[in-house]
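*Asks:* Structure for the following, please:
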Amino acid sequence: MPVSVSFIKELDTVDPKLRRVLITMLEELERQREESVTKKEFIDLKEIVRELGKTVQDLAVAQKRTEERVNELAEAQKRTEQRLESLATRVEELAEAQKRTEERLESLAKRVDELAEAQKRTEERLESLAKRVDELAEAQKRTEQRLNELAEAQRKTEIEVAKLASSVDVLRHQVGGLSRSMAFALENEAYRKLPEFLKVNYGIEVTDRLIRTHIGDSEINVFGKAIREGKEVYLVGDAVLKLDDISKISQVWDQVESVKQEFGGEVVPIIITHFAKPNVMERARQAGIIVVQSFEW
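*Replies:* Numbers count the residues shown, from 1 in each chain. Sure, this is the predicted structure:
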């Protein structure tokens, strides 16, 4: 039985095992036909072969669909493996992230413990500080009480000081009055003793009675006319209880200038005192001033 070309092509598309089975069947049919085949049998066989060819075509189509499905499954498997690989990578990343999270949680727990300990110390310090504040408040209360006591003592002291100042003022007036009285007494004594003293010790002869007067802007304790070496001079004297300040020398020269402006002529300055400090007395004498101490006459 001749085999068509299309049938042979169809055989090439089926699975090799199936193709070998079909070829074996065809060979067996061909062998039987050659031995003795009736026309009816040949027609039946031809129909069988045609059905077989159709079946082979169906099998080839099914095989093709199977291969396509297998390829699709292989591609799906490949994608599944890729997704599984990606998922495995992601799982590893999540595991690593979980590890880091656990480490951070452990570090955070440690930090929380440290903060709790610090909070405990802070509370202890605050408690100590509150106790210290109470102590300071109590000390402040005692200080304010002491300040009130001091203020009262200060008030009493100010009253006593005011009384003392009043007493000092009275004493000052009394001393001032006494000083003036002693100064006047010194001047009065000078009026009596000075003429003889000047004549004996300095060759100055007083021609007019010595007086206390006011010339120009100066108050002059001792003023009078005299003759020295045949020439008329003016005596200008200041009486001080103690000559212990060089400013008193300047005061005498102010008096000398007032007399010169008023009368002109030669002026002899004199300082009468109970006691003169040696250095001040030396300065006065160097300035041309006669210094007379009361114990000298």
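*Asks:* Report all helices and strands that the helix or strand containing L150 contacts.
*Replies:* Using DSSP states H and E, L150 falls within helix 39-202. Helices and strands touching helix 39-202, by 3 or more Cβ pairs under 8 Å, 6 or more residues apart in numbering; DSSP states H and E, are helix 5-13, helix 16-35, strand 204-206, strand 218-228, strand 231-243, strand 266-276, strand 290-293. Every C-beta, even on glycine, is put in place using the N, C-alpha and C of the backbone.
*Asks:* Between those, which one is closest to I159.
*Replies:* strand 231-243 (34.9 Å; Cβ to Cβ).
*Asks:* shaky segments in the stretch 1-150 of the chain?
*Replies:* By pLDDT under 70, the low-scoring segments of the stretch 1-150 of the chain are 1-15, 17-19, 28-42, 45, 49, 52-53, 56.
*Asks:* mind redoing it with 50?
*Replies:* 1 (pLDDT under 50).
*Asks:* picking that back up, including distance to R79 and mean neighbour count, could the helices and strands packed on helix 39-202 go into JSON lines?
*Replies:* Output for the helices and strands packed on helix 39-202, formatted as JSON lines (distance: least, Cβ to Cβ, whole Å; neighbours: other Cβ atoms under 10 Å):
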{"stretch": "helix 5-13", "distance to R79": "29", "mean neighbour count": "13"}
{"stretch": "helix 16-35", "distance to R79": "30", "mean neighbour count": "12"}
{"stretch": "strand 204-206", "distance to R79": "148", "mean neighbour count": "17"}
{"stretch": "strand 218-228", "distance to R79": "133", "mean neighbour count": "19"}
{"stretch": "strand 231-243", "distance to R79": "129", "mean neighbour count": "19"}
{"stretch": "strand 266-276", "distance to R79": "133", "mean neighbour count": "19"}
{"stretch": "strand 290-293", "distance to R79": "136", "mean neighbour count": "18"}
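*Asks:* could these go into JSON lines alongside distance to A97?
*Replies:* Below are the helices and strands packed on helix 39-202 laid out as JSON lines (distance: least, Cβ to Cβ, whole Å):
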{"stretch": "helix 5-13", "distance to A97": "54"}
{"stretch": "helix 16-35", "distance to A97": "53"}
{"stretch": "strand 204-206", "distance to A97": "126"}
{"stretch": "strand 218-228", "distance to A97": "111"}
{"stretch": "strand 231-243", "distance to A97": "106"}
{"stretch": "strand 266-276", "distance to A97": "109"}
{"stretch": "strand 290-293", "distance to A97": "113"}
